[in-house]
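Enquirer: Test case, fold it:
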Amino acid sequence: MKIIFFNVPGHGHVNPTLALVAELTQRGHHVIYYNNIDFEPQISKSGAEFRPYPDPQPTAADLAEKAGSLPQVSVWVLAQSQRLLPWLLDELRREQPDLVMFDAICLWGKQAANLLNLPTISSIPIFVQEGIKGLLTLRDGISLVKQALPALPALIRQRRQLVKTFGPAVFPHSQIFPCIGDTNIVYTSREFQPETDFIDESFHFVGPSINSDTRETAVFPWHLLAEDRPLIYLSLGTIYHERLDFYRMAFATFAEHPAQFVLSAGRLTDIDALGPIPDNFIVRNFVPQLELLPRVDAFITHGGMNSINEGLYYGVPLVVVPQQLEQTINARQTARHGAAVVLGDWPPYGRTSPLDLQQAVENVLNDSSYRQNAARIGRSFRDAGGYKKAADIVEAVGASTKQTVPSP
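Expert: Prediction:
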């Protein structure tokens, strides 16, 4: 089976797909994967045939700049669709794939496949947020409206232009996000997904797609990890890693703490600029997260879906300091399940105090219910089947839908 995969240039959207793609290629399927050239090494490692988008390519920096505002992400995605769609339609007509997969915010992939009536699968690395209840506050809503109003003219203009160019079929659903397909693979468990009437039988919850062999690794001083005291991991992910003020606050707060800390400071962070590093901290630009998490007792995180999923997969209780609205939803849902303490989940997000941070860490270390609940969610993730179950679903869809792309 030939599968085309379209994705956006973001680690949080690419990483969950790598184990699935590796499984599909090992089963003999041909996966052609489109993204920014910076993602070629890890995508090619999965066994897929990598292809770059045409220049100027959508970049991780572009997406990261807008990540804190869903309306601005929407404007960016619509602009990319206008530019990429003609090229993608030609690619699909030439390749004649059996199936098209796309990420939940990769609108151009969804639109190209729909315009050519190809069978589709959406890869959803976040919660299905449409129609959820009880996770947003009035302050969240006011903040979102403030972000949306300046973006509204561009959203209307770009949507109209796409309809004018490609016809009404370019928007087969009323909502833009999530970009749903004929079949939808969600990388969490049904137990952990917030309740919403938006979900129907086309959604399959497979749990996190975890396979450390498909992920980047790095040299790490494992011999420095102490066995006689708690180990706490701190990471703000790939987009918000430049919060040097937060790292310095953590140093000051925990310098005398009996636990040992590992800080993943981000690839672009100048570690020397952090100032003196306490003796109980190991600081690296990149940490092999999947290898470290099984060893840790608590995880201080920004609340990206990958980080939350990976922490809970290994039964690690979380202290979540969300940096934007999507991460706030992730954090509150984890707290609902009793596996996290949430700090700074009000606009502007990400603010907390040394005292609150210290107390949150003490809570998750000393109250065993946090670890028990994290382990329970982790079991639900494993029971969901992971990337092997996802590959079974892809194969079943491919076997049931054989179509030919119309010629130009």
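
Enquirer: can you count the residues close to residue 197?
Expert: 9 (other Cβ atoms under 10 Å). All C-beta spots, glycine's among them, are computed from the backbone N, C-alpha and C.

Enquirer: Please give the element, helix or strand, for the nearest residue to it once chain neighbours are set aside.
Expert: Excluding the flanking residues, the one nearest residue 197 by Cβ to Cβ, 6 or more residues apart in numbering is residue 131, at 5.4 Å. Following DSSP states H and E, there is no helix or strand that holds residue 131.

Enquirer: these two touch, right, residue 131 and residue 193?
Expert: No: applying Cβ atoms under 8 Å, one finds residue 131 not in contact with residue 193, separated by 11.6 Å.

Enquirer: These two: which is more packed in?
Expert: More crowded of residue 131 and residue 193, by other Cβ under 10 Å: residue 193, with 18 against 12.

Enquirer: Name the SS class of that one, please.
Expert: coil (DSSP: H, G, I helix; E, B strand; the rest coil).

Enquirer: That one and residue 187, how far apart?
Expert: 10 Å (Cβ to Cβ, to the nearest Å).

Enquirer: any chance you could map the helices in the stretch 51-200 of the chain?
Expert: All helices of the stretch 51-200 of the chain, identified by DSSP state H, counting those that start in this stretch, fall at 60-66, 70-95, 107-115, 138-166.

Enquirer: And those: which comes nearest residue 21?
Expert: Among the helices of the stretch 51-200 of the chain, the nearest to residue 21 by Cβ to Cβ is helix 107-115 (14.6 Å).

Enquirer: Outline the domain layout of the chain.
Expert: Domain ranges of the chain: 2-207+385-400, 217-383, per automatic domain parsing.

Enquirer: Next, format those domains as TSV and append mean pLDDT.
Expert: TSV is the format used below for the domains of the chain (pLDDT from 0 to 100):
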stretch	mean pLDDT
domain 2-207+385-400	96
domain 217-383	96
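
Enquirer: about what we covered before: out of the helices of the stretch 51-200 of the chain, nearest to residue 401?
Expert: Using Cβ to Cβ, these put helix 107-115 closest to residue 401, at 11.8 Å.

Enquirer: looking just at contacts, which helices and strands does the closest one meet?
Expert: strand 2-6, helix 70-95, strand 99-103, strand 120-124, helix 138-166 (3 or more Cβ pairs under 8 Å, 6 or more residues apart in numbering; DSSP states H and E).

Enquirer: Remind me what the last one packs against, helices and strands.
Expert: Helix 138-166 makes packing contacts with helix 70-95, helix 107-115, helix 325-336 when contacts are defined by 3+ Cβ pairs under 8 Å, 6+ apart.
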